[in-house]
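Enquirer: Here is the input, now give the coordinates:
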Amino acid sequence: MNRDGPLRVLVFDSGIGGLSVATCIHEQLPRASIVYLADNAAFPYGDKPETVVIDRCCTLIAKALKQYPCDVIVVACNTASTVALPHVRALADVPVVGVVPAVKPAAQQTRNRRIGILATPATVRRVYLDELVEEFAAHCEVWRVGHPGLVQWAEALARGVPVPQDRLDTALESLKTAGVDTMVLGCTHYPLLLENLRQSLPAVQYWVDSGAAIARRVVWLMGRAGKLEGANADTSTRPQPVTTALFSGPAPDAIAGFMAGLGLQPGRVTEHWCAPS
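Expert: As a prediction, the model looks like this:
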């Protein structure tokens with residue numbers, strides 16, 4: 001797709017977790033225009049059949065590209081990246097970047113070779129996580145926690161609901177007992193909970209997620225495509241990092257303010273946008 005105008009990035013997730021990735025992209029490409037697309041009408045994806053996830057991802061992304069032509073697509077959702085990425089690549093004529101739990105960098109950083117992986121229950125069960133651990137962290141002891149509450153608590157943050165710290169402490173007690181020094185945040189929602197996670201696990205030295213690596217990949221792809229001219233220039237003339245935030249369901253209460261707190265002030269928020277039937 002040859003598109004005139006400033007670099008535009010489509011960031012897709014089932015909810016608000018992809019905002020953690022969008023923040024990293026904005027930090028590395030401050031002049032890029034971001035379109036944020038959340039299929040929150042179907043949130044969470046982890047309990048949906050793969051065929052449903054594939055259909056919803058492809059339908060919504062195709063509609064978004066038609067209305068907002070983009071230079072690169074970021075699928076900022078572990079479940080969608082696992083099951084739908086080849087299908088999204090087949091429908092798009094621009095690069096598509098997925099997300100993978102950051103097991104490799106965690107294994108490189110740990111000092112005591114004790115790593116915790118915090119992910120959704122669906123991700124914890126997937127074979128691809130077993131393969132990542134076997135390939136990159138076979139020399140480490142690895143503890144996995146898949147708790148259904150964390151993504152819900154992250155989503156609630158956008159509505160101004162505080163994280164239940166006591167329940168989070170209980171959910172992570174096994175990791176505290178294990179003495180892990182490095183934590184993999186294996187869901188894009190979890191960096192939004194980092195302040196609370198640090199309170200639960202004060203001894204952890206390294207918190208590792210995929211956001212910065214995804215942003216670097218976007219920079220590399222756009223550089224190769226000759227799309228970076230002006231993308232890192234002064235941002236004073238563009239007040240909204242996110243052109244539009246599209247939600248297939250109702251937009252979370254106070255989402256514009258929440259996004260502004262992440263440095264992602266949206267120009268427009270649209271709810272019930274092109275939701276698949």
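
Enquirer: Next one: the closest residue to residue 120 other than its chain neighbours from residue 60, what distance?
Expert: Of all residues not flanking residue 120 in the chain, residue 46 sits nearest, at 4.9 Å (CB to CB, 6 or more residues apart in numbering). Just so you know, the C-beta spots here come from the backbone N, C-alpha and C atoms, and that holds for glycine as well. Separation of residue 46 from residue 60 (CB to CB, to the nearest Å) stands at 17 Å.

Enquirer: residues near residue 35, how many?
Expert: Look at residue 35: counted by other CB atoms under 10 Å, it has 23 neighbours.

Enquirer: Please read the previous query as pertaining to residue 202.
Expert: Counted with other CB under 10 Å, residue 202 comes out at 8.

Enquirer: And residue 199, by the same measure?
Expert: When neighbours are counted by other CB under 10 Å, residue 199 comes out with 13.

Enquirer: So it sits against residue 165, correct?
Expert: Yes: applying CB atoms under 8 Å, one finds residue 199 in contact with residue 165, separated by 6.2 Å.

Enquirer: can you tell me the helix or strand for residue 184?
Expert: strand 182-185 (DSSP states H and E).

Enquirer: quick one: average confidence on that strand?
Expert: With pLDDT averaged residue by residue, strand 182-185 scores 98.

Enquirer: name the helices or strands packed onto that strand?
Expert: In this structure, strand 182-185 makes packing contacts with helix 103-109, strand 114-119, helix 194-200, strand 206-208, judged by 3 or more CB pairs under 8 Å, 6 or more residues apart in numbering; DSSP states H and E.

Enquirer: That one pairs with which strands, and in what direction?
Expert: Using DSSP bridges, the strands paired with strand 182-185 are strand 114-119 (parallel), strand 206-208 (parallel).

Enquirer: ends of stretch 257-273, how far apart?
Expert: 20 Å (CA to CA, to the nearest Å).

Enquirer: Report the rounded mean pLDDT for that stretch.
Expert: Stretch 257-273 comes out at a mean pLDDT of 95.

Enquirer: where's that stretch relative to the chain centroid, distance-wise?
Expert: 16 Å (CA atoms, centre = their mean, to the nearest Å).
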